[in-house]
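> starting from these lines, generate the structure:
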Amino acid sequence: MSGKGPDPGIWLYRLTSILRRIDSFSKHELLVREIPGRYGEYSKKLVEKIFAAIEDSSYVKGLLESSGPVDNSWIVETSGVIAKLDSLLNQVSSLMVQVSQIPEDLPSFIDELYLRFSKRPVPYLLAIPFVKGTPFTLSYMSRAIRPNVEIFPEARNYAEKKDLQVIYVSPEIEVPANWSLLIHEAAHILEDREFGIHRKFYSEDGVGPAEVKESSWALEIACDAIATYSCGPIFGNRLLQNYHNLETKESDTHPPTKMRLAIIAEQLQEMGWKEEAHEIEKRIGELRLPTLLEKAPRPNSTKEILLELLKSIDQRKLLYKSTPERRRIIAKISERLRAFKPCVEVDNTNVELLDLLNASHYVDLEMSETRDVKENGKYSAFQNFLGDMIRLDLVARQEQGLT
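The predicted model follows:
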């Protein structure tokens, strides 16, 4: 470079420093970190290759070869590179910590539900966020990785062809009875990759805030519907148990929980789960919310989206209808759960995971509302026992090639 200007030493030092941190992370922390789930190793290799592409980038090497005085544009450019690298490293290192804390059996649970609908591989991780909140799902590549590698050609080209979804769970997931809440999060991936019904009615191109909010609400209702139609009352029951009275203001991304539960109750009525639907309607009828939440209208295309999802799930023979035989099995499982007796097999037949989950809700409800049960540790013991039953059911299905 010619001309007078600041010495690049301090910026080159910062750039070298962040590159060393990336190299150290790739060679040490990334290698020893255990990531549960079938896509744990995939995600580690993905990060490793992105970091390697950045370190070998001709663009980065060009900045490092700068010598002599530099101008302000070089300083701005190099500072931007340092900021992107620092953000990327922080994002990835945080994610690796968050995913390593997930219970080992939880990814298998989500796999079993997802594979009912699709054999198409969709790389995903489960993570526990640092800030408490409700579960949510996002495309990690588009939200966290690609924005930070867009200025590095080699890394950008590699990342453009890769996929990684992250399902962020909530603290309630520590209780196995609440694992069913993640059915909705898996449904986000299924709606995007398998059904695609929401985007028939809503586009994100050229719309204002009101339209974006309606679209977001409709998507959440669609994912509730996938969870309800395919898994029965369990999702709505756990949503009611955990979140029905937490809202004080309207959300731009999620419809009021009272609205969601009212729609779920209607779906359960269609499927023959009338008692469960009536119980949800009764509970939300007793709930008093701010006027804005009470009077919020449903998204315009709600009815059409639900009808298409119902048809699609029914055509796949995955509609979880109420039948006398199913209710009989659920009652038997509940009876054994109350007595802490193994229940992965009933009447010499392996128990269906969804029957086990739906049975578990009623026992959990009885125990969670009985003070002496909670105080003497029986409730905690029940949750451990339920987790064991879910685990054994998954193992049995894998051994028989059902998953």
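> okay, now the closest residue to residue 351 other than its chain neighbours: neighbour count?
The spatial neighbour of residue 351 that comes closest, neighbours along the chain excluded (Cβ to Cβ, 6 or more residues apart in numbering), is residue 344 at 5.3 Å. All C-beta atoms are positioned from the backbone trio N, CA, C, and that covers glycine. Residue 344: 20 surrounding residues under other Cβ atoms under 10 Å.
> same question, residue 61
Counted with other Cβ under 10 Å, the neighbours of residue 61 add up to 10.
> returning to what we had before: distance of the residue nearest to residue 351 relative to residue 217?
39 Å (Cβ to Cβ, to the nearest Å).
> how far off centre is the helix ranked longest in the chain?
Counting by DSSP state H, the longest helix found in the chain is helix 72-100. Relative to its chain's centre, helix 72-100 lies at 24 Å (Cα atoms, centre = their mean, to the nearest Å).
> what's the next helix or strand after that helix in contact with?
Of the helices and strands lying after helix 72-100 in sequence (DSSP states H and E), the nearest is helix 106-114. With contact meaning Cβ atoms under 8 Å, 6 or more residues apart in numbering, helix 106-114 is reached by 36-38, 122, 124, 126, 167, 169, 173, 179, 182-183, 185-186, 189-190, 231, 353, 390, 394, 397-398, 403.
> list only buried entries from the residues you listed.
With neighbours counted by 16 or more other Cβ atoms under 10 Å, the contacts of helix 106-114 contain buried members at 36-37, 122, 124, 126, 167, 169, 173, 179, 182-183, 185-186, 189-190, 231, 353, 390, 394, 397, 403.
> show me the chain divided up by domain.
1-174, 177-322, 324-399 (automatic domain parsing).
> quick one: the residue nearest to residue 351 and residue 396, what's the gap?
Separation of residue 344 from residue 396 (Cβ to Cβ) stands at 6 Å.
> spit out the residues that contact those two alike.
Both residue 344 and residue 396 are contacted by residue 350, under the criterion Cβ under 8 Å, 6+ apart.
> verify the contact between the residue nearest to residue 351 and residue 399 for me.
No. Look at residue 344 against residue 399 with Cβ atoms under 8 Å: they stay out of range, at 11.4 Å.
> quick check, pLDDT for the nearest residue to residue 278 once chain neighbours are set aside.
Leaving aside its chain neighbours, residue 278 sits nearest to residue 265 (7.8 Å; criterion: Cβ to Cβ, 6+ apart). pLDDT, residue 265: 97.
> secondary structure element holding residue 265?
In the assignment (DSSP H and E), residue 265 maps to helix 257-270.
> could you pull out the buried residues of the next helix or strand after that helix?
Going down the chain from helix 257-270, the next helix or strand is helix 274-285, by DSSP H and E. Within helix 274-285, the residues that qualify as buried are 276-277, 279-281, 283-284, counting by 16+ other Cβ under 10 Å.
> okay if I get these as CSV plus pLDDT?
As requested, the buried residues of helix 274-285 are exported to CSV (pLDDT from 0 to 100):
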residue, pLDDT
276, 95
277, 97
279, 94
280, 95
281, 95
283, 91
284, 90
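> from the residues you listed, which two are the most distant?
Largest separation among these by Cβ to Cβ: 276 and 284, giving 12.9 Å.
> where in this protein is pLDDT low?
Low-confidence segments of the chain, defined by pLDDT under 70: 1-6, 68, 205-207, 246, 371-376, 401-403.
> again, only using 80
Along the chain, the model assigns pLDDT under 80 to residues 1-8, 66-70, 130-134, 171, 204-209, 244-248, 289, 292, 368-376, 397-403.
> residue 319 reaches residue 271, doesn't it?
Yes. If you go by Cβ under 8 Å, residue 319 and residue 271 touch, sitting 6.8 Å apart.
> can you list residues touching both of the two?
Contact criterion Cβ under 8 Å, 6+ apart; residues shared by residue 319 and residue 271: residue 229.
> more neighbours: which of those two?
More crowded of residue 319 and residue 271, by other Cβ under 10 Å: residue 271, with 20 against 16.
> in this protein, which spans are strands?
Secondary structure of the chain (DSSP state E): strands at 124-127, 136-139, 165-168, 345-346, 349-350.
> can you redo those as JSON lines with distance to residue 239?
Shown next, in JSON lines, are the strands of the chain (distance: least, Cβ to Cβ, whole Å):
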{"stretch": "strand 124-127", "distance to residue 239": "19"}
{"stretch": "strand 136-139", "distance to residue 239": "14"}
{"stretch": "strand 165-168", "distance to residue 239": "16"}
{"stretch": "strand 345-346", "distance to residue 239": "27"}
{"stretch": "strand 349-350", "distance to residue 239": "28"}
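> quick check: which of the ones you listed is buried the most?
Stretch with highest mean neighbour count among these: strand 124-127 (a mean of 24; mean count of other Cβ atoms under 10 Å).
> partner strands of that strand and their direction?
Strand 124-127 pairs in its sheet with strand 165-168 (parallel), by DSSP bridges.
> what residues does the strand it pairs with touch?
For strand 165-168, using Cβ under 8 Å, 6+ apart, the contacting residues are 95, 98-99, 110, 122-129, 133, 135-140, 182, 185-186, 188-189.
> pull it out as PDB, backbone CA atoms only.
Taking Å, rounded to 0.1, in the frame of the first residue of the first chain, the C-alpha atoms of strand 165-168 are listed here in PDB:
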ATOM      1  CA  GLN A 165     -32.200 -26.900  12.000                       C
ATOM      2  CA  VAL A 166     -32.000 -26.200  15.700                       C
ATOM      3  CA  ILE A 167     -34.900 -26.900  18.000                       C
ATOM      4  CA  TYR A 168     -34.500 -24.900  21.200                       C
END
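> so which residue is dead centre in the protein?
The structure's the chain has its C-alpha centroid closest to residue 167; by Cα atoms, centre = their mean the separation is 2.5 Å.
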